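S.K.: What follows is a predicted structure for the sequence shown.
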Amino acid sequence: FGPFSNALLVSNNLPNGTINAFDFNTGKFLGQLKNRFGQIISIDQLWGLAFGQQGGGNGRRNQLFFTAGPNNYANGRLGVIEFAP
């Protein structure tokens, strides 16, 4: 997934909803997902992350899906992040 291919992506659920990358083998913090303008991606009340699994209508492997509950969980949100080189 761009510079974080093969890294472990972990959501920092509350309050700011950033997505952190860690090296699978060492646990070293590698950085946070950023948009194409270099700004850290922040998703209000981020709940969970999952990559598409190819086939079955559940997205491509290069798509990172997320769920969130903005507005103090009053609303539900499903979205997708795609790497833009």
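M.R.: Right, received. Where do you want to start?

S.K.: For Ile81, give its distance to Asn6.
M.R.: 17 Å (Cβ to Cβ, to the nearest Å). Every C-beta, even on glycine, is put in place using the N, C-alpha and C of the backbone.

S.K.: So between these two, which is more surrounded?
M.R.: Taking other Cβ atoms under 10 Å, Ile81 and Asn6 do not tie; Ile81 has more neighbours (18 against 9).

S.K.: before we move on, what SS does the more buried one have?
M.R.: Three-state assignment for Ile81 (DSSP: H, G, I helix; E, B strand; the rest coil): strand.

S.K.: For it, list each beta-bridge partner.
M.R.: Ile81 has these beta-bridge partners by DSSP bridges: Leu64.

S.K.: Please work out how many residues are found near Gly2.
M.R.: Neighbour tally, Gly2, other Cβ under 10 Å: 13.

S.K.: can you pull the contacts of it?
M.R.: 83, 85 (Cβ atoms under 8 Å, 6 or more residues apart in numbering).

S.K.: can we see that at 10 Å?
M.R.: 21, 33-34, 62, 82-85 (Cβ atoms under 10 Å, 6 or more residues apart in numbering).

S.K.: likewise Gly17?
M.R.: Gly17 neighbours (Cβ under 10 Å, 6+ apart): 11, 41-47, 66, 68, 70.
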